[in-house]
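Visitor: sequence-free structure coming up:
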């Protein structure tokens, strides 16, 4: 595997660039915008709310409507299977003086939403959703109807580390007069905080406490350039590390320190990765840089629970790296993988087992007061995976991880369905084929 690549813009940052530009004053040009299904769902949603958005090649222009310039949509807003779109738009709609109905696709309709509807109700939003009783607790799912307006600020200590939930509360906080505080159990990706600061919001961050003072209008900086997506890069980084005689340079990659957990873990495993040229183009935006990856002899490691939020999306491909490493790798506290687009613990366990990996799931509850046991994944590396028939389970990250696993395996592998890759990275196979020699 050899070559040099530039990757499409970071999906997480792209969502936020549309949302925050839409509720700001001024025109924002967003460059290196990724044309994946999820990000296009966000564009469609805000067009439905009356925001003028135009797209030409990889650039998107948003004519901001201001905090209270959105329009009541005609009919429901269809969000596809984009969890980021749904959770963040709830924060914006919580501050509007009209009601809206949000309808999700099949996969997103199975993802839990009480974690975000609960704090928004505390702020004053009126929300109705599909309610299910599961064992001793109640959970909520799409479709969701929300009526906003007259919000009050809150201090919210988050029970689960989630950048999406945090972002929804901060966006709602823009509409609540006074101070809204969010306290995280573990720091999660801070793209929302960085972008709100760039758009002149009154926001301050001190370690895991984020404070936003509502009522101030946002102002567009004019132009944004989205760095390459490190979650998309992860598949190429791992393949370059495990394939013999490989050398891969990835340029202009997003290197937000709360997203680079995969680089830290792979370096612990012995990966030859060099980071260079780190820079911030505009104050308050994201750090970007270049990374060089070479063939490496990986060894097992322990990934602690507190490291998981910085690499939650990269866990599937890290499992592939672990299966190709010498010794044992332990991923602690991975329960959040069960509530992604699919149950990624189940999907990766099923597939890697079929390919001959030594993989186990352990459940330990160290503390009597814990309501949720701690799940860990333990993988013992093998000499080489074996080709097999595997399944994507309709999940883009599982599908891409199994493509990489198949390339590292002996023999032929067949994946049942890879159309789901378009959710985050439509050009994945084309970029991959350009690098294989």
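Guide: Structure's in. What do you need? In this text, all values refer to a predicted model and were calculated from it rather than measured experimentally.
Visitor: Show me the helices in the stretch 151-300 of the chain, by range?
Guide: For the stretch 151-300 of the chain, helices defined by DSSP state H, counting those that start in this stretch occupy the ranges 163-173, 191-198, 230-242, 261-268.
Visitor: just checking, what packs against the first one?
Guide: The elements that helix 163-173 packs onto, with contact taken as 3 or more CB pairs under 8 Å, 6 or more residues apart in numbering; DSSP states H and E, are helix 11-22, helix 83-93, helix 114-123, strand 178-183, helix 191-198, strand 209-214. Yep, even glycine has a C-beta here, placed from its N, CA and C like the rest.
Visitor: For residue 167, find the nearest of these.
Guide: Taking CB to CB as the measure, the helices and strands packed on helix 163-173 were each checked against residue 167, and helix 191-198 came out nearest at 4.1 Å.
Visitor: Buried deepest among the helices of the stretch 151-300 of the chain, which one?
Guide: Mean neighbour counts were compared across the helices of the stretch 151-300 of the chain using mean count of other CB atoms under 10 Å; the top stretch is helix 163-173, at a mean of 27.
Visitor: okay, the angle between the lengthiest strand in the chain and helix 83-93?
Guide: When the chain is scanned for its longest strand (criterion: DSSP state E), the result is strand 137-147. What separates the directions of strand 137-147 and helix 83-93 is an angle of 60 degrees, with axes from the mean of the first three to the mean of the last three CA atoms, to 10 degrees.
Visitor: Which strands or helices does strand 137-147 pack on?
Guide: Counting contacts by 3+ CB pairs under 8 Å, 6+ apart, the secondary-structure elements packed against strand 137-147 are helix 83-93, strand 99-103, helix 114-123, strand 126-134.
Visitor: change it to 10 Å
Guide: Contacts defined by 3 or more CB pairs under 10 Å, 6 or more residues apart in numbering; DSSP states H and E place strand 137-147 against strand 77-78, helix 83-93, strand 99-103, helix 114-123, strand 126-134.
Visitor: who wins for proximity to residue 379 among those?
Guide: If we rank the helices and strands packed on strand 137-147 by CB to CB, the stretch that ends up nearest is helix 83-93, at 26.4 Å.
Visitor: residues of that closest one that come out buried?
Guide: For helix 83-93, the buried set under the neighbour-count rule, 16 or more other CB atoms under 10 Å, comprises 83-93.
Visitor: How about stretch 201-212?
Guide: Taking 16+ other CB under 10 Å as the neighbour-count basis, stretch 201-212 is seen to contain the buried residues 201, 203, 210-212.
Visitor: and which of these is nearest residue 157?
Guide: residue 210 (11.8 Å).
Visitor: in the sheet, who's paired with the residue nearest to that closest one when sequence neighbours are not counted?
Guide: Computed as CB to CB, 6 or more residues apart in numbering, the closest residue to residue 210 that is not its neighbour in sequence is residue 182, at 4.7 Å. On DSSP bridges, the residues paired with residue 182 through beta bridges are residue 156, residue 210.
Visitor: Please identify which of the helices and strands packed on strand 137-147 is closest to residue 405.
Guide: helix 83-93 (24.7 Å).
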